[in-house]
Structures are given as C-alpha cells and as structure tokens.
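Enquirer: give the three-dimensional model of this entry:
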Amino acid sequence: MDNMYSYDYQFRLIVVGDSTVGKSSLLRSFCDGVFSQDPDPTVGVDFNVRIVEVKPGVKVKLQLWDTAGQERFRSITRAYYRNSVGVLLIYDTTNYVSFTHVTSWLNEARAQIQPYHSVFLLVGTKIDRESERQVTTEEGKAFADFHNISFIETSSKSSLYVQEAFTMIAREIYDMLTEGRIHVQSGWDGVKTGPKSANSNQSQPIEIAQNVQPRRNGCCSS
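Expert: Okay, here's the model as predicted:
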C-alpha cells in the first residue's frame, strides 16, 4: 500500500475526453487493478489519489480528477483546469469521432489553464479491441507530434501500458520541475512540495515563481 504521508511532490492531473472513451476505466485499472465492462458514467468530477515513483527514491503523489465527458458538465470541468499541472487527453481508438474531438479538449484546456503551464499526454484507449480499431497508431502519434505533446496507447481491460501512461506524464512534469520550466507557485495547486521534500530540503527551498509564462506543449491507492 502506498504511504500517503511520504512523498516529495504532489501533482494535480485532470483526465478529459468524450463520454464513454474509457476515462474512468483507465483510472480504475491504474488505481485498483480492476476492469469494469460497463462502469457507471461520471457525474461532474470524481477524485482519486496514488503515489508513483518518477525516479529512484523520488515519490510523487498524484491527485487525479476524472471528469464527465457530456456537454452539460463542461462548465464544471473548466473549473478544474487552472489548478492542474497535467492533462490526459483521452480518446477511444475504436471511435474516430472521439479522436476528432481531442483538438477541442486540447484548445479548451490550454485556454483555461493560462497563465500557468501544464503538461499534456494524448492517450488512446481500448487497444485490446484491435479488430474494431478506427484510429491508427500513426494518426495518434502524428497528432501528438504536431501539437508537441506526448502520446501512448493503452488497454484498461488488460492493463497494458496503463501504469506507463501515468508514470510518463508524472516523470515529464518532474523533469520540467527540476529544469525550472515548471515551478511551485503560491496560490496554485498544480504542484506542491510534499512532507518528504520539505524535510530533506530545508536548506534548499523550492523557488516560488510569481510570473510564469505558459509554454506551448504538453492515481489511486486502495
């Protein structure tokens, strides 16, 4: 079991995408190691937490916000963007329409997150249903490359690359944090120092940035 009181940083991530693309299933696979064929639809926003190790000895607490994909809940989703340092853009590889809507989700997230910087990860789901695939891996990669964000395909049913997806975005955020491209900022919940980091780095406080310009780019314990 993860120790919720021993971590170096806390990253807040938001998971967005059309309804039924598999956002909740992805989180349940990551958090609990279970798969539900027909999970109940998310109403508003659900919250999950998990500790991951991004580097040897460096632990990050991920706060994961699972959002509803229906249009009537979009106003609720927008309220959670600004305090997120990471955005997982989810589409269903067996539903081409959900892939075409990723641009809208990406643009909305970038607009709502300003003036803060956030890391984006494009995630294709349901790759276990290969015979039903409508979006090729090459199309997903091309979209990610064009928008300068990371990309991965997953299967919540088999847990294939699920752990890797969340570790990937957490590691990218951590690398940017250590490089000074993302900062702990007063009044922003996207990144916070954890108790472990505070205790071990009292002589080297994290820089508090007041004016950070956005850069174009890009769960759950039992």
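
Enquirer: list the contacts of residue 21.
Expert: Residues counted as contacts of residue 21 (C-beta atoms under 8 Å, 6 or more residues apart in numbering) are 69, 90-92, 95, 98, 125. For every residue, glycine as well, the C-beta is placed using N, CA and C.

Enquirer: secondary structure element for it?
Expert: Per DSSP states H and E, residue 21 falls between elements, in no helix or strand.

Enquirer: ok, the residue nearest to it when sequence neighbours are not counted - contacts?
Expert: Of all residues not flanking residue 21 in the chain, residue 92 sits nearest, at 4.2 Å (C-beta to C-beta, 6 or more residues apart in numbering). By C-beta under 8 Å, 6+ apart, residue 92 lies in contact with 18, 20-22, 98-99, 124-126, 135.

Enquirer: so which of these is the most crowded?
Expert: Per-residue neighbour counts (other C-beta atoms under 10 Å) across those peak at residue 124, which has 32 neighbours.

Enquirer: just to check, that residue is in contact with residue 135?
Expert: Yes - if you go by C-beta atoms under 8 Å, residue 124 and residue 135 touch, sitting 6.4 Å apart.

Enquirer: common neighbours of those two, please.
Expert: By C-beta under 8 Å, 6+ apart, the residues touching both residue 124 and residue 135 are 91-93, 99.

Enquirer: just put the residues you listed in TSV and tack on secondary structure.
Expert: Below are the shared contacts of residue 124 and residue 135 laid out as TSV (DSSP: H, G, I helix; E, B strand; the rest coil):
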residue	secondary structure
91	strand
92	strand
93	coil
99	helix
